[in-house]
Structures are given as C-alpha cells and as structure tokens.
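J.: Structure for this input, please:
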Amino acid sequence: MLTEKHVLINGKRAYYLTGGKGSPLLFLHGWLLPSAAAYRKGLELLTRHFRVYAPSMVSEHSASIHDYEEYISGFA
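T.: Numbers count the residues shown, from 1 in each chain. Below you'll find the model as predicted:
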C-alpha cells in the first residue's frame, strides 16, 4: 500500500509516495510512463520487496522546472 506524504523544503511542499518494507528504494520517474495508473501499479509491485520513496517531480505540486534542483536536493 502506498501513502502520499509531504515535507516542507524552503517553505514549499514536496510530495512523495511511500510504502513497503525492506531496503529503501528511491524511485525517480521519467516522462515516458504510459499513465498514472501504470506508474502506481509499478510502485505497488516494488513495495513487495522494498521500502519505496517516489517523489513527485515537476508537476502541479512544484512551482516550476527552475525549482527542480532545490526541490529534489531536499530528499538527500
């Protein structure tokens, strides 16, 4: 089961999905995924073997592509 959470980074909300048990796996998605449903299903499969962390990349949750480097560095 995946849960949506968020953290504050420099006053901005950074959203991510997390779930599963096991070694941590940071999943950074690309732009070629066929659909949000396929993305989520893939993450659900990974949670069987890993503790998955999947940050939301530049989208409605983040202000702009220019904030990307600052946004993603907050997960380090």
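J.: hang on, isn't residue 13 packed against residue 6?
T.: Yes: the criterion here is CB atoms under 8 Å, and residue 13 meets it with residue 6 at 4.6 Å. Heads up, the C-betas are built off the backbone N, CA and C, glycines and all.
J.: Bridge partners for residue 13, pull those for me.
T.: residue 8 (DSSP bridges).
J.: Distance-wise, check it relative to residue 35.
T.: For residue 13, the distance to residue 35 equals 24 Å [CB to CB, to the nearest Å].
J.: if I pick residue 27, what's in contact with it?
T.: 43, 46, 52-54 (CB atoms under 8 Å, 6 or more residues apart in numbering).
J.: got JSON lines for those, with neighbour count, pLDDT and secondary structure too?
T.: JSON lines is the format used below for the contacts of residue 27 (neighbours: other CB atoms under 10 Å; pLDDT from 0 to 100; DSSP: H, G, I helix; E, B strand; the rest coil):
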{"residue": "43", "neighbour count": "21", "pLDDT": "91", "secondary structure": "helix"}
{"residue": "46", "neighbour count": "18", "pLDDT": "94", "secondary structure": "helix"}
{"residue": "52", "neighbour count": "24", "pLDDT": "96", "secondary structure": "strand"}
{"residue": "53", "neighbour count": "18", "pLDDT": "95", "secondary structure": "strand"}
{"residue": "54", "neighbour count": "22", "pLDDT": "91", "secondary structure": "strand"}
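J.: Please identify which of residue 13 and residue 35 sits among more neighbours.
T.: Between residue 13 and residue 35, counting by other CB atoms under 10 Å, residue 13 is the more crowded of the two (11 against 8).
J.: residue contacts, residue 44?
T.: Applying CB under 8 Å, 6+ apart to residue 44 gives the contacts 1-2, 19.
J.: go on, residue 50?
T.: Residue 50 neighbours (CB under 8 Å, 6+ apart): 20-25.
J.: Count the residues that sit near the nearest residue to it once chain neighbours are set aside.
T.: Distances taken as CB to CB, 6 or more residues apart in numbering put residue 25 closest to residue 50, at 3.8 Å, once the chain neighbours are dropped. Residues near residue 25, counting by other CB under 10 Å, number 15.
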